[in-house]
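**Student:** Sequence and predicted structure are below.
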Amino acid sequence: MLFNYLKVALRSIFRNKLTSFINIAGLALALTSALLITFYVVDELSYDRHHPAADRLYRVTRYFYDQDGNASLKLANVAPPIGMLMRNDFPEIEKLCRMLPLNTTVTLPEEGVENKSFRERNIFISEPEIFELFDIELTEGNKATALEKPATILLSEPAAEKYFGTTQIQGKTLQVFGFPVQVTGVFKPFRGQSHFHPDFLISFSTLNDSTIYGRRGLETNWGNNSFGTYFLLKEGEQPKALESKLPDFLDKHFGTFARANFGAAPDFVASKVTSLQLQKVSDIHLHSHLDDELEPPGNINTVYLMGTIGLFIILIASFNFINLSTAQATKRSKEVGIRKVAGAFKTQLMGQYLSESVLIALFSCLLALGAGYSGLEWLNSFTGKSISYFSQPLIIILMVAGSVTVGLLAGLYPAVIISGFKPAVILKGKQTGGKPVLRRALVVVQFAISIVLIIATGIIFSQLQYLNKKDLGYAKDQVITLPYYSQLNDNYDAFYNALTGHSAIKNSGRSSRIPTGRLLDSMGAQMRKGDSLQSVGSRIAYIRVDYTFFDTYGIPFVAGRNFSKEVRTDDSLGYVLNETALVAMGINDPASLIDQEFSYGGVNGKVIGVVKDFHFESLHQVINPMIFLIQRPAYNNLSIQVAGNNFQEGLNHIEKVWREFLPNQLFEFTFMNERYNNLYQNELKQSQLFTGFSMLAIFIACLGLFGLATFNTLQRVKEIGIRKVLGASVPSILTLLSREIIMLVIVANIIAWPVAWYFMEKWLSGFAYHINMSVLLYLLAAGVAILIAILTVSSQTLKAAMSNPATTLRYE
């Protein structure tokens, strides 16, 4: 019986070539898309789940609050004393590890040849407990002693190959920050995805003799929130119970320290200005929206979005299947009637039709598995992932099972329709293929989904265009940035003069942070009100700059002046604020604040200037109050503006001066406009993925519409012939055949518009600055959808309208 079903099913598939092609091609494309999307989604959901005891692994984060109780700063890292004190105070913690991320130059000193130096971004100074918390496997060295002594380092296998050409390197020496460290082992890269990917692990005890930290700094520095602090919760302990103890913990330790060292008031309550939160490590990648993350996190909304698109594509292909199959029912009605007269049971007819449906689904699945294998290489290249096709065999198994399920579900309704035909009615030629209402409803749903995708694509594209064209308030073009090294401090004037002495260099400036970064450093401020200094309320973020920073970026002043070497007090007592800082303080006239007494971080000085607001951070954030100062200069960045008509010559000159003054430092620069574009790489890649899969969904919908139009036209061919005999023109027949499709698309628009508006409004809310959704965009999407529908069916309607009525009515 089964063999007979398959034989008849294959015969039917080859007899109805167009319908079979549309069904197989549409379903194969849909399954390929679903397969790739599933690989992407599963990979995104797998972050940090491979670590031992991942369900008990947590990170400590820190929030700061303004006077209204709003979280003004949310940090992924915390101060070094917090981990040390939590380890002592909470028996619920099984193991705890602190890590300090570094971004610096690593050098392999080699005699007789040029040193091998690279700027590395995955360096972590870590406590030895890292081995008990994270999945780190040593191929050389001993976990018990590898990070025990000061000035010792572990390298990942790729890093070892990069510097030494081998992984057998125990006992060799590298230089980090210019200081020698001894290699004590090599470790394998993480087996799975993680929110950080270490290439170098330096022993935490190295910091004890550090001039920046030192043992005392590690115990008392509550202001340096640079340390990742992770811990393993004991089995049976609840994270919420531990988190509820953290306010008292802060009041006890930080409150006492602030009163003793910062002059905090006796009634100062530390937990009102800062808090500690616990975050599950496996939630970091998709659910963290904190500042200072080790790597750019993902977004759970992107996962939901991609999953939804995959589901939409499968639904559209399945609706095509149902529509075309029920439409084909009329063509097969006489076959069914004869089979019933010959004694075929209803269950046999259903089994026959379901076997055809499942066979089509399996053909599609085979094509999709092959296309998915090739498509995964593109997906990896596009997203920067390294997903292996056979690393998730369960996905392949579910793909096959899902294909069979789609075949059964999509074929069930047509099978019920066909098996329910009555022989007496069929053989008189009066049976129709199912209810046209259902076919119309499915077309409406297909196009409603397509219209939502068209609108979303248009809005995402418009927002990205807006981001590219928005005036940021500073010059980002023709500006390059380099890391600034403290050895330049003693002869910076000579370096600056040598740099700017060339006609291709417009200016250069130093700063602690540069635009496109985050404002993570802030302190309290006071301004003169009457006879006393009074708090301005919220903390103000600060940037340490030099005398030429504003000129380099072309940032204009709205009141006062720039820092000047001619005014000796500027570098110790001068402050420059942005316009938003004045708004936060309730000051309307910038000029009224110039030369007024102002205290910041406990240092009394005066305001010498106010700069026009500019977008220091990405456009996801509003412009925040900012203060610029020179006090205790600690610069990390060098910005250089190059003349536009002589860029390459200017770049060559910068490299020449760099090598003259910093011969042992790597010349590694970035373009400011590239840094700005990188802020929106996630959105750009999302939009490209979204656009690609959306176009695919629309194409699949059009395939189904084309097949349906072909069938409907054949059904009405005699009607068209009669109309032409009675004098109907070609345009009137085209209108007749297209009217129903246009009405269905209009109904689809009515459904799609509010859905698209709701979801895209939520998406745009992720940007502090964004476009306003225009009704014109929705009207344009409606026009595009109608045009696509008309073009899809035009070849069939035109063919029918141009047909010779003598041919179509020959046998009537």
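**Tutor:** Done, it's in.

**Student:** And residue 541, which helix or strand is it part of?
**Tutor:** strand 540-544 (DSSP states H and E).

**Student:** Contacts for the following helix or strand past that strand, please.
**Tutor:** Counting by DSSP H and E, the next helix or strand C-terminal to strand 540-544 is helix 549-553. The contact list for helix 549-553 (Cβ atoms under 8 Å, 6 or more residues apart in numbering) reads 474-475, 479, 506-511, 515, 557, 562, 576, 611, 614, 628, 639-641. Where you see a C-beta, it was placed from the backbone N, CA and C, and this is true even at glycine.

**Student:** Please, a PyMOL command that selects the buried ones among those?
**Tutor:** Remark: buried members of the contacts of helix 549-553, expressed as a PyMOL selection using 16 or more other Cβ atoms under 10 Å:
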select buried, resi 474+475+479+506+507+508+509+510+511+515+562+576+611+614+628+639+640+641
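
**Student:** counting contacts, what elements does whichever strand or helix holds residue 739 pack onto?
**Tutor:** Counting by DSSP H and E, the secondary-structure element that holds residue 739 is helix 730-764. The helices and strands touching helix 730-764, judged by 3 or more Cβ pairs under 8 Å, 6 or more residues apart in numbering; DSSP states H and E, are helix 436-469, helix 681-715, helix 717-725, helix 775-801.

**Student:** and if we set it to 7 Å?
**Tutor:** helix 436-469, helix 775-801 (3 or more Cβ pairs under 7 Å, 6 or more residues apart in numbering; DSSP states H and E).

**Student:** most tightly surrounded among those?
**Tutor:** Ranked by mean neighbour count, those are led by helix 436-469 with a mean of 20 (mean count of other Cβ atoms under 10 Å).

**Student:** can you tell me which residue is nearest the centre of this structure?
**Tutor:** By Cα atoms, centre = their mean, the mean C-alpha position of the chain lies nearest to residue 682, the distance being 3.7 Å.

**Student:** tell me the pLDDT at it?
**Tutor:** Residue 682 carries a pLDDT score of 79 in this model.

**Student:** got a list of what it touches?
**Tutor:** Contacts for residue 682 were tallied using Cβ atoms under 7 Å, 6 or more residues apart in numbering; they are 296, 299.

**Student:** what about the longest helix in this protein?
**Tutor:** The single longest helix within the chain, with elements called by DSSP state H, is helix 346-383.

**Student:** any idea which helix or strand comes after that helix?
**Tutor:** Downstream of helix 346-383 (by DSSP H and E), the next one is helix 393-419.

**Student:** now that next one against helix 346-383, angle please.
**Tutor:** 140 degrees (axes from the mean of the first three to the mean of the last three Cα atoms, to 10 degrees).

**Student:** on that earlier part again, would you list the helices and strands packed on helix 730-764 in CSV and tack on mean pLDDT and distance to residue 687?
**Tutor:** Formatted as CSV, these follow (pLDDT from 0 to 100; distance: least, Cβ to Cβ, whole Å):
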stretch, mean pLDDT, distance to residue 687
helix 436-469, 85, 4
helix 775-801, 82, 15
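
**Student:** could I get the ones you listed as TSV with distance to residue 246?
**Tutor:** Listed next are these as TSV, based on distance: least, Cβ to Cβ, whole Å:
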stretch	distance to residue 246
helix 436-469	38
helix 775-801	47
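
**Student:** Can you say which of these is nearest to residue 265?
**Tutor:** Nearest to residue 265, of all the helices and strands packed on helix 730-764, is helix 436-469, at 44.2 Å by Cβ to Cβ.

**Student:** about what we covered before: ok, the residue nearest to the centre of the chain to residue 620 distance?
**Tutor:** 10 Å (Cβ to Cβ, to the nearest Å).

**Student:** Residues in contact with stretch 755-774: which ones?
**Tutor:** Contacts of stretch 755-774 (Cβ under 7 Å, 6+ apart): 452, 455, 456, 459, 462, 463, 466, 470, 619, 620, 621, 622.
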